[in-house]
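*Asks:* Structure for the following, please:
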Amino acid sequence: MSWAWEYAFGAEEAARTAPPVFLTAVERKAAELVRAAEAQYLHGRAYGGDDPKGGDIAVPGGMFTYQIIVRHERVYVVQITYLGF
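*Replies:* Down below sits the predicted model:
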């Protein structure tokens, strides 16, 4: 398995109605998070510590909330909020 990101919970449903420009910004930032997590946790599946605290990231048009699960080698986008700015 290699590092990747994916929508989780209701974020996938919300992504179906969000504008493509906003989703592109979310996907770019999520890909950056994947690269950073992959560099920091080289042996993700063998990791024995606690998962890092997730957070919120602002992107043009809104924001999203993410969580990193090291042993799954995943960055989950758990909520997206389109504000239209």
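
*Asks:* who touches the helix or strand of the chain with the lowest mean pLDDT?
*Replies:* Lowest by mean pLDDT, DSSP states H and E among the helices and strands of the chain is helix 11-15, with a mean of 85. Helix 11-15 is touched from outside by Y7, L23, V26, F64, V77, V78, Q79, I80, Y82, with contacts defined as Cβ atoms under 8 Å, 6 or more residues apart in numbering. From N, CA and C alone the C-beta is placed, and that goes for glycine too.

*Asks:* my guess is the last one meets G62, correct?
*Replies:* So that's Y82. Yes - counting by Cβ atoms under 8 Å, Y82 touches G62, with 4.4 Å between them.

*Asks:* Touching both of the two, which residues are there?
*Replies:* Common neighbours of Y82 and G62 are listed as A18, F22 (criterion: Cβ under 8 Å, 6+ apart).

*Asks:* The chain: helices as residue ranges?
*Replies:* Under the criterion DSSP state H, helices of the chain are mapped to 11-15, 20-40.

*Asks:* where among these is the average confidence lowest?
*Replies:* Of all the helices of the chain, helix 11-15 carries the lowest average pLDDT, namely a mean of 85.
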